[in-house]
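Participant: generate a structure from the sequence data that follows.
(chains A, B and C)
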Amino acid sequence: MHLRFRLILPLAAAMTVIMAYPLVFSAWISFHDYRLTRLQDVRFRGVENYAFILSDAPFGRALVNTMTFVAGAVSIELVLGLGLALLLQRLVRFQNFARAVLLAPMFITPIAVGLMFRFLLNSELGVIPYYLATIGVEIAWFDERLALFSLMLIDAWQWTPFMLLMFLAGLEALPKDPFEAARVDGASAWITFWNLTLPLLRPVILVALIIRALDAFKVFEYVWAITRGGPGDATETILFHIYKTGFRFFRLGEAAAMAYVLIGILMFLVIVLYTAMRRR
Amino acid sequence: MTAPTQDGLLSRRRLTLVAIEFVVALAIAIVLFPFLWIFLASIKPPELVTEPNVWMFPPTAANWHDVLLESDVPKNIINSFVVSVATVIIALVTGCPAAYSFSRFKTGSGTRFSVLAAEMMPPAILILPLFLVLFRLGLIDTLAAVVLAHLTFVVPVVTWFLIGFFDEIPRELEEQAMIDGYTQFQAFYKVILPVVRPGLAAAAVFGFVLSWNDMFYALILTGGESRTLPVAIAGFWTFRGIDMGKMAVAILVAVVPILIISFFIQKHLVRSLGGGAVKF
Amino acid sequence: MSGVQLKNLRKSFGLTEVLKGINLTVESREFTVLLGPSGCGKSTTLRMLAGLEPVSEGEIWIGDRNVTDLEPRDRNIAMVFQNYALYPNMTIAQNMGFGLKAKKMPRAEISARVNEAAAMLNIADLLARRPKELSGGQQQRVAIGRAIVREPNLFLFDEPLSNLDTKLRVEMRTELLRLHRSLDATTIYVTHDQEEAMTMANRIVVMNGGQIEQIGTPSEIYFKPNSRMVAGFIGSPAMNFVDGRVGVDGLETSIGPVAHPTKLASGDAVILGFRPDDLYFPDELTAYQAAMSVDFTAEFVELLGARGIVTLRAAGAEFKGVFEERFLHRFAEGATVALALSRDRLHLFSATSGERVGG
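Facilitator: Next up is the predicted model:
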């Protein structure tokens, strides 16, 4: 066998065991009435699982919640990340220090982030609501209206650094000449940003958006740490919902079908994002 | 219209810089404050930990003592460490040769993209079959189970990173080695691997961090003996009750080592993203 | 040392054929330069010789061995790359000895050979350093040294000087020649720089579009180019060309009739070529030598130092001439200057095939 394929063999074997097989098994499960509580009595259900979840209100709610969360969180992160990257680039002193600190949150375990903010934002114990109250701002961060938004902010705290990292790398890789030419031509910083920086960064923005959006769809730890889907179902996200269906209610068939619906949505999103950004 | 004086220009530039520094300092404060507060919580006497407005207090080491010497946390740390190291080793062994092959034999952007796609696979779809298989094999609540699950996202990430690092190495290097009398495989491990060592280290550290930080898989696959640190942290704040001070210690134990090693790979992350991930 | 033979060598990448049948014999100890514009297939030929690129069709012989399907390591060759390809993690001594280590040579002998080569190249004091501490020129020497210690059957050079600045390039050129003399090694050298080719080669192989245009000594290539392509590619400034037609007793060209006998049939379309150096003032040539005289209008003079390039115009076309500095005052802008072409310095090419048909 050619070296090229021999070198890929270990990876191919590993991926078959940990990816391909589970994917196929998962697909099989999604067409069955497969319950952890009734493992010896698995029945073929055809597409019934899919039919059921597509008309299932809680699943729909979880989808809407997740998409709202992803859109909100990723937009905040994109804007903040790009802004901070541009500022960091112009920083004269402490540039390395600032970068090191600002990138830090993305490296720590999300469950810790969730618990930290649960503590910081708690309306009785939390230091942030306490000081906001002293200046007359009373916010209940985890009530029905605000809980999802608060989770977005927490996500932004942890993951804006990822955007920052991508954009720092992207800015570093940009050619210098066009910017020098623009300065010689007397273009203002604003014009340079809109006509040069942004278009040149577009591929990086696209990649960062896709990676981050797909990752944000997996949001679980903050929900687990803080709200457990509540109040009501205000923060029930898709992964949390699947977790509950599969491992609380043991209905694996439905959970697998949900996961496949999720993959479908993700693929659709990636294709839309990709073509939309490519076309312009 | 009068031309701005030299002084005016200078001071405006200076003003912009001060404004930038202010914004960056604010961002740094927002990043650091939660850590500071959690640290204070970890050394606060138990009766003060729930008071949001306490900055001065007699510090106590009781929480640190209890968590590090009289709880399961040390065992959780060892579990997490074993899982992460094993995961990274397997990921390097399988991913490294494959990444070299993808980089050198121009297997096409299709394969590269599929590596990225594998990383983006929602955990929801993999966890169900993995759980069932591990359950049948009697591996639930073992570290091996967690390692297997972590491979699903660490292997693709490590491979993706390494492709970028291999791409940066000029082809002539192994061609020279092949002319010098070595086979291509010898050229790979005698010449290319030593050259790419910093990249290997960065990829390994990044993979370690990802595995160390995961809670979702570990939560489902471990219960008692094999609980990893993130799962243990989550256990400090349940519906049964909280122990703020101890939780703060556990969070810091999980987070601080990761922050320290993250500083060492940041530079590589920026570089590898600039070189590989940013342009696919 | 052994010679090299390429027999009807072909290479295709997918559907595009980049080498369309190369036949070439390189004698033992010869310094052969493959020269041509980028994309002509010269580097591909070299890489196939090295075994880095599989052969689509044809055979490669080194000495009396058919190496067509051998791995690079089994061909006993050495190659110097354009970017030097030094192993960054090894010292200079390790770099140079790496190939000998592959042959399982005893350590003492490796270091003896490395020291010898290093002394020859004046890099003995660099042996303990690492590549990135060296300048471009020093890295170049190391790359050459690494090739020398292997004592290969064949040296391959892939544009080795093109990353150096002009001054260093000229120095290294001389040094490579001296080295070639003392090693007496069969060498195949790829470049797109005609000056390098002219100064270094025993024989030049001019390639174009995946084919060999001409094989010859530097003076053959320069004075008797086989085709319009070679004529235009070699020489700076480039050769002047004029379209023409074979008449009854000579050529009819757009700049006037040329007294020049050819074997071609009357009426055939031809291209007349003459080098910028081959324009003479009428009094420099005898009546017999002069093939024609043309009134040119001078446009610019670019002074190079002892000589200058003059841009001339005649019959609406642009021509270049090279003259000594003392004559340049005659070419004031707009001045009309009569210049003659020498009979023995004309090149005639078929307008249809581009082949040399006389001159």
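
Participant: so how far is C:N23 from the nearest residue to C:E30 once chain neighbours are set aside?
Facilitator: Spatial nearest neighbour of C:E30, excluding adjacent residues (Cβ to Cβ, 6 or more residues apart in numbering or on different chains): C:N202 at 4.9 Å. No exception for glycine: its C-beta is placed from N, CA and C like everyone else's. Going from C:N202 to C:N23 by Cβ to Cβ, to the nearest Å gives 18 Å.

Participant: which of the two has more residues huddled nearby?
Facilitator: More neighbours surround C:N202 than the other of C:N202 and C:N23, with 15 against 12 (other Cβ atoms under 10 Å in any protein chain shown).

Participant: next one, pLDDT for the more buried one please.
Facilitator: On pLDDT, C:N202 comes in at 93.

Participant: contacts only, for it.
Facilitator: C:30-32, C:217 (Cβ atoms under 8 Å, 6 or more residues apart in numbering or on different chains).

Participant: could you pull out the strands in the stretch 151-280 of chain B for me?
Facilitator: B:237-238, B:241-242 (DSSP state E, counting those that start in this stretch).

Participant: so C:I309: helix, strand or coil?
Facilitator: Following DSSP: H, G, I helix; E, B strand; the rest coil, C:I309 is assigned to strand.

Participant: correction: C:Q82
Facilitator: Here C:Q82 is coil, with the state taken from three-state DSSP.

Participant: and it, its phi and psi?
Facilitator: phi -60, psi -40 (degrees, to the nearest 10).

Participant: max-length helix in chain A?
Facilitator: Looking across chain A with DSSP state H, the single longest helix is helix A:57-90.

Participant: after it comes which helix or strand?
Facilitator: Sequence order places helix A:95-103 as the next helix or strand after helix A:57-90, per DSSP states H and E.

Participant: how about that next one, does it reach chain B?
Facilitator: Yes. Judged by Cβ under 8 Å from any Cβ of the partner chain, helix A:95-103 and chain B are in contact via A:98-103.

Participant: do you know how far the residue nearest to C:E30 is from A:G136?
Facilitator: 92 Å.

Participant: likewise for B:F22?
Facilitator: For B:F22, the distance to A:G136 - Cβ to Cβ - is 25 Å.

Participant: neighbour-wise, which of these two wins?
Facilitator: Counted by other Cβ under 10 Å, B:F22 and A:G136 do not tie: B:F22 has more neighbours, with 11 against 6.

Participant: which other helices and strands contact the helix or strand containing that one?
Facilitator: If you go by DSSP H and E, B:F22 is part of helix B:6-43. If you count contacts as 3 or more Cβ pairs under 8 Å, 6 or more residues apart in numbering or on different chains; DSSP states H and E, helix B:6-43 packs onto helix A:57-90, helix A:95-103, helix A:110-121, helix A:147-173, helix B:62-70, helix B:244-272.

Participant: where does pLDDT dip in chain C?
Facilitator: C:1, C:261 (pLDDT under 70).

Participant: point me to the residue of it nearest chain B.
Facilitator: C:A102 (3.1 Å; Cβ to the nearest Cβ).

Participant: can you give me the neighbour number for that residue?
Facilitator: C:A102, neighbours per other Cβ under 10 Å, totals 19.

Participant: after the helix or strand containing C:M229, next one along is what?
Facilitator: Per DSSP H and E: C:M229 is located in helix C:228-233. Of the helices and strands lying after helix C:228-233 in sequence (DSSP H and E), the nearest is strand C:240-246.

Participant: each with direction, which strands does that next one pair with?
Facilitator: Here strand C:240-246 has these sheet partners by DSSP bridges: strand C:251-253 (antiparallel), strand C:269-274 (antiparallel).

Participant: to C:G316, which of these lies closest?
Facilitator: strand C:251-253 (12.7 Å; Cβ to Cβ).

Participant: would you mark the buried spots in the closest one?
Facilitator: With burial defined by 16 or more other Cβ atoms under 10 Å in any protein chain shown, the residues of strand C:251-253 counted as buried are C:251-253.

Participant: same question, stretch B:160-178
Facilitator: Result for stretch B:160-178 [16+ other Cβ under 10 Å]: buried residues B:160-167, B:169, B:172-178.

Participant: out of these, which is nearest to B:K246?
Facilitator: B:F161 (36.0 Å).

Participant: and the closest residue in space to that closest one that isn't next to it in sequence, how far from A:I211?
Facilitator: Distances taken as Cβ to Cβ, 6+ apart place B:A203 nearest to B:F161, at 4.1 Å, with adjacent residues excluded. According to Cβ to Cβ, B:A203 stands 17 Å off from A:I211.

Participant: who's more crowded, those two?
Facilitator: B:A203 (30 against 18).

Participant: what pairs with the lowest-mean-pLDDT helix or strand in chain A, and is each one parallel or antiparallel?
Facilitator: Lowest on mean pLDDT, DSSP states H and E among the helices and strands of chain A sits strand A:43-44, with a mean of 78. Neighbouring strands of strand A:43-44 in its sheet, by DSSP bridges, are strand A:32-33 (antiparallel).

Participant: contact partners of the partner strand?
Facilitator: Residues contacting strand A:32-33 (Cβ under 8 Å, 6+ apart): A:42-45, A:49, A:253.

Participant: how far out from the middle of the chain is it?
Facilitator: 30 Å (Cα atoms, centre = their mean, to the nearest Å).

Participant: dump the residue contacts of the residue most central in space within chain A.
Facilitator: Nearest residue to the geometric centre of chain A (Cα atoms, centre = their mean): A:A216, 1.1 Å. Contact partners of A:A216, counting by Cβ under 8 Å, 6+ apart, are A:69-70, A:73-74, A:155, A:159.

Participant: now do it against C:R326, distance only.
Facilitator: 79 Å.

Participant: repeat for C:M120
Facilitator: Taking Cβ to Cβ, one finds C:M120 at 44 Å from C:R326.

Participant: of those two, which one has the most company?
Facilitator: A direct count of neighbours by other Cβ under 10 Å for C:M120 and C:R326 places C:M120 higher, at 18 against 9.
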